[in-house]
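S.K.: fold the following and give me the result.
(2 chains)
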Number of protein chains: 2
Amino acid sequence: MAANKTIQKTLIPKENFSEWYDNVLLEAKIVDDRYPVKGFTVYTGWGFSIVKRIISMLEEKLDSSGHEPMQFPVIIPEDAFQKEEDHIKGFSGEVFWITHAGENELERRLVLRPTSETAIYPMFKMWIRSHADLPLLMNQTCNVYRYETKATRPLYRGREFLWNEGHTAHATYNEAEEQIRTAIRIYSEVYDSLSLNYIKLRRPDFDKFAGADYSVAFDAWNPDGKSNQIGTVHQLGNNFAKAFEMTYENEDGKQELCTNTCYGMGFGRTLACLISQHGDDHGLILPPIVAPKQVVIIPIPVKGKEQISKEYAKLIYHNLTSNNIRTVLDEDDRLRPGEKFYKWEMNGVPIRIEIGPREAESKTVTFVRRDTFKKSKADLVNLVDTVHELFKSINQTLNERSKKIMNERMATAYTLDELKEFMDQRKLVRINWCGNKGCAEALKDKVSGEIRGTLWLDLEEPTDNCILCENSAKYIAYVSRTY
Amino acid sequence: MAANKTIQKTLIPKENFSEWYDNVLLEAKIVDDRYPVKGFTVYTGWGFSIVKRIISMLEEKLDSSGHEPMQFPVIIPEDAFQKEEDHIKGFSGEVFWITHAGENELERRLVLRPTSETAIYPMFKMWIRSHADLPLLMNQTCNVYRYETKATRPLYRGREFLWNEGHTAHATYNEAEEQIRTAIRIYSEVYDSLSLNYIKLRRPDFDKFAGADYSVAFDAWNPDGKSNQIGTVHQLGNNFAKAFEMTYENEDGKQELCTNTCYGMGFGRTLACLISQHGDDHGLILPPIVAPKQVVIIPIPVKGKEQISKEYAKLIYHNLTSNNIRTVLDEDDRLRPGEKFYKWEMNGVPIRIEIGPREAESKTVTFVRRDTFKKSKADLVNLVDTVHELFKSINQTLNERSKKIMNERMATAYTLDELKEFMDQRKLVRINWCGNKGCAEALKDKVSGEIRGTLWLDLEEPTDNCILCENSAKYIAYVSRTY
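M.R.: Numbers count the residues shown, from 1 in each chain, chains lettered A, B, ... in the order given. Coordinates of the predicted model:
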């Protein structure tokens, strides 16, 4: 065995989440956080291959629901950026400024987009003339830039993040409301196909997107108890339409203001969620739909019978790939089978196939599932069907496991002491809340979490008075730590 | 007919190239150049759908030839950017600088990447330990930023441009040379599948990539006679390896410098090439492989028989889409058939199917090819096969047409007067050249073109003395105007 190849390493238990997470990122080639500017991360091969599949899934759904794919410039001129009052208040503290080009100072400073409303709406204004131009739906996959001052963690919180943003304009508020439901459905479909678990919360008014009427967010659970916001959907009402004079001629020939919505899915955070909800002590566990390799075949050498295993492994490889199953045949002679197991388990490949002379002679296949490590056998003739059944079953297990953990982490607190205790246990806690900002701020001071919002659509009736002021409660609110 | 819908417009002949080009960009929704910062362009729906398909084609070929997909930050710290002497000389005059974030001045200025060598190599240095880590091949699709001072033209020359860049590290110079041939083969395959025509030139030494040993470029012909550089491939030798201390341990345990190559395909310029080489007075003509819609079905209403046409059109639509042919059925009742023809011709959809009661009753299909406007008929049972045959034939026609024009534009000049005349005729001109920079500069002063290089691999023997100094010539060089 060559000395320069990976040798068996000690696994870090997932219980030590931070250490485990950093180790998986590097070992499985997800990202490399050693780029020489703080808060900026390099997506490496395996990680970016997963991300590209998530992007394609989302883009396909957006395309087929009428969103035109576009690409806007990364820079926004200062004057456009400052048009919507609440928006600029929310973002001005955290944007990067381009001030020079070559040796020259620019006449107008340019903002590196923190989000694209103020880049997009001046163009929407030109494109929208009459009601026949509406609805206008677009989406773009791009990076946005925010000068985060909080501690950064790769994929969860950085200064550059990769997302898809959708932007829409509608003739009426009701049509925009319908669009919000469509966007939430599309995002849910993507997350669900990755077996992720989350709750959909309407954010409190003081925590909504800068410039929005209201915001809905997807909060996924995370092993360390912090909520991971993997997507958001915003009703913008007429706020931006007023600032950017986005009007249309209605059927009676009158000018009316448009209503806008926008939404974003963060691919870094979605990837972080995938890693953190499904992973185990051995590393990643990938849902087959986004696994760059779905099956790894490992020939098990038995002295004198190497050739028969190798040939049979090739036959299986050919069978799988010709059925569009992404397969890798690991024939690296420098590694022992155990080292290969370690490597592909760390990478989260859903199914391992072990091939020895016994399998070759009996024309059978031995499978090991990454999620449960359960072994099973099938006849060669059933190879492809069995793989597809295993994929289905793996998805189901991942989803059930993740849902079970999320449910175990939910709790309801009726007193501040209970709330504190639950927060120490890293739970997602339901409380009764009067709805006032003062109480939300008091809560933030008293416990190590904050009010994240109220369930979207499933209205929950309060069961007690406000946990803080003890006046009558309006909502069941959800409290957690957050990234 | 609703007044707010597009009505038949006057077509601009392609002869008036600039006006024609700007019109096609807007009418076919390729890009919108009215973004409020000069040199920055918005890719709109149809244009970006085409680009996405070109990107996928290239990425697939790069992936399957061992390039890991990655994504590096858009910003480069000033110190890394300045490490390779020639590189910084070449680029420092044309980069955007980020100097502030929020209210603060940054301690270290950041460059918006004009290309990514200096972002990538500090990481390569960490990843490369031994010969077993080589070759290292990566690619990323991203935007780069250059503060162009020349006149900009959308897709040809802007301050933000979308490309895919490949970066590699090798143990030996020879292996890097082999990689250059691989990259050129991959790029050629993409361009060829788009029926584009170009020549591959080794750039003169004074015009190579800043920091390279030598550069090879794909120069495509353009209707206005300017060369359109759609891709470049660079042999970097040890230049960056020295600057960034990229070394590996060889099999004898000694440290050696890596050799690097890099290459870039500009998607804006490739799209511009597609538009400009294939388009005609009616607008775009798209190669089927990248057409967002490959077939448009237009029902021709005949009074009293609208229903039968519509139902037959739906049947055909279903047949095509279920065979993975990207099809649109244009049932917009507000437009007359002629207006629909105009619109889909402008968009370059390769095949139009016209459906009237006659077709419905005889179970036949009438096709009109976008490239030649030739009509043909087929029985319904042969629908899918006929479409595939037409696609093939369209590719062939586009390629032959483009090649014929390129060949007609080639000329050989033996005197400066001839050269001037050919340049006025917007030709691509072969000359005998001694190889000296002085003569190249003199040429640039005397005619409205410049030396672009010598044919890559096909060595051409000089046929006369240098057209300028009249000393003996070393090369046949190619002269043209350029973007």
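S.K.: so the residue of the stretch 301-450 of chain A found nearest chain B, which of the three states?
M.R.: Proximity of the stretch 301-450 of chain A to chain B (Cβ to the nearest Cβ) peaks at A:R334, 8.5 Å away. Using the backbone N, CA and C atoms, a C-beta is placed for each residue, glycine as well. A:R334 falls in the coil class when you classify it by DSSP: H, G, I helix; E, B strand; the rest coil.
S.K.: ok, the residue lying closest to A:N222 once chain neighbours are set aside to A:K29 distance?
M.R.: Spatially, and ignoring its direct neighbours in sequence, A:N222 is nearest to A:N228 (4.7 Å; Cβ to Cβ, 6 or more residues apart in numbering or on different chains). A:N228 sits 22 Å away from A:K29, going by Cβ to Cβ, to the nearest Å.
S.K.: which of these two has more residues huddled nearby?
M.R.: A:N228 (26 against 20; other Cβ atoms under 10 Å in any protein chain shown).
S.K.: in the stretch 201-350 of chain A, what residue lies closest to chain B?
M.R.: A:E249 (7.9 Å).
S.K.: show the contacting residues for that residue.
M.R.: Counting by Cβ atoms under 8 Å, 6 or more residues apart in numbering or on different chains, A:E249 makes contact with A:129-131, A:255-256, B:4.
S.K.: hang on, the earlier thing: that's a strand at the residue nearest to A:N222, yeah?
M.R.: Yes: counting by three-state DSSP, A:N228 is found in a strand.
S.K.: which strand residues bridge it?
M.R.: A:A220 (DSSP bridges).
S.K.: tell me where the stretch 201-350 of chain A has strands.
M.R.: Along the stretch 201-350 of chain A, counting by DSSP state E, counting those that start in this stretch, strands occupy A:214-220, A:226-237, A:247-249, A:255-257, A:259-266, A:295-299, A:327-329.
S.K.: could these be laid out in a markdown table, adding mean pLDDT and distance to B:V349?
M.R.: Shown next, in a markdown table, are the strands of the stretch 201-350 of chain A (pLDDT from 0 to 100; distance: least, Cβ to Cβ, whole Å):
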| stretch | mean pLDDT | distance to B:V349 |
| --- | --- | --- |
| strand A:214-220 | 98 | 38 |
| strand A:226-237 | 97 | 34 |
| strand A:247-249 | 98 | 28 |
| strand A:255-257 | 97 | 34 |
| strand A:259-266 | 98 | 31 |
| strand A:295-299 | 97 | 39 |
| strand A:327-329 | 97 | 37 |
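S.K.: mind checking which of the ones you listed is nearest A:K52?
M.R.: Of all the strands of the stretch 201-350 of chain A, it is strand A:259-266 that lies closest to A:K52, at 14.0 Å by Cβ to Cβ.
S.K.: okay, the angle between the closest one and strand A:214-220?
M.R.: 20 degrees (axes from the mean of the first three to the mean of the last three Cα atoms, to 10 degrees).
S.K.: in the stretch 351-483 of chain A, mark out all the helices, start to finish.
M.R.: If DSSP state H, counting those that start in this stretch is used as the criterion, the helices of the stretch 351-483 of chain A fall at A:357-362, A:383-409, A:416-424, A:437-446.
S.K.: mind putting those into CSV with mean pLDDT, mean neighbour count and distance to B:A169?
M.R.: Compiled in CSV, these are given as follows (pLDDT from 0 to 100; neighbours: other Cβ atoms under 10 Å in any protein chain shown; distance: least, Cβ to Cβ, whole Å):
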stretch, mean pLDDT, mean neighbour count, distance to B:A169
helix A:357-362, 94, 16, 39
helix A:383-409, 98, 16, 36
helix A:416-424, 96, 17, 49
helix A:437-446, 95, 14, 49
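S.K.: and the closest residue to A:N239 other than its chain neighbours, how many neighbours does it have?
M.R.: Ranked by Cβ to Cβ, 6+ apart and with sequence neighbours excluded, the top spatial neighbour of A:N239 is A:G211, at 5.3 Å. When neighbours are counted by other Cβ under 10 Å, A:G211 registers 25.
S.K.: what about A:G211, distance to A:Y21?
M.R.: According to Cβ to Cβ, A:G211 and A:Y21 sit 33 Å apart.
S.K.: now do the phi/psi pair for A:S64.
M.R.: Backbone geometry at A:S64, expressed as degrees, to the nearest 10, gives phi -80, psi -10.
S.K.: residues from the stretch 101-250 of chain A in reach of chain B?
M.R.: A:101-103, A:108, A:110, A:112, A:119, A:122-123, A:126-127, A:129-130, A:132, A:138, A:143, A:145, A:147, A:160, A:162, A:249 (Cβ under 8 Å from any Cβ of the partner chain).
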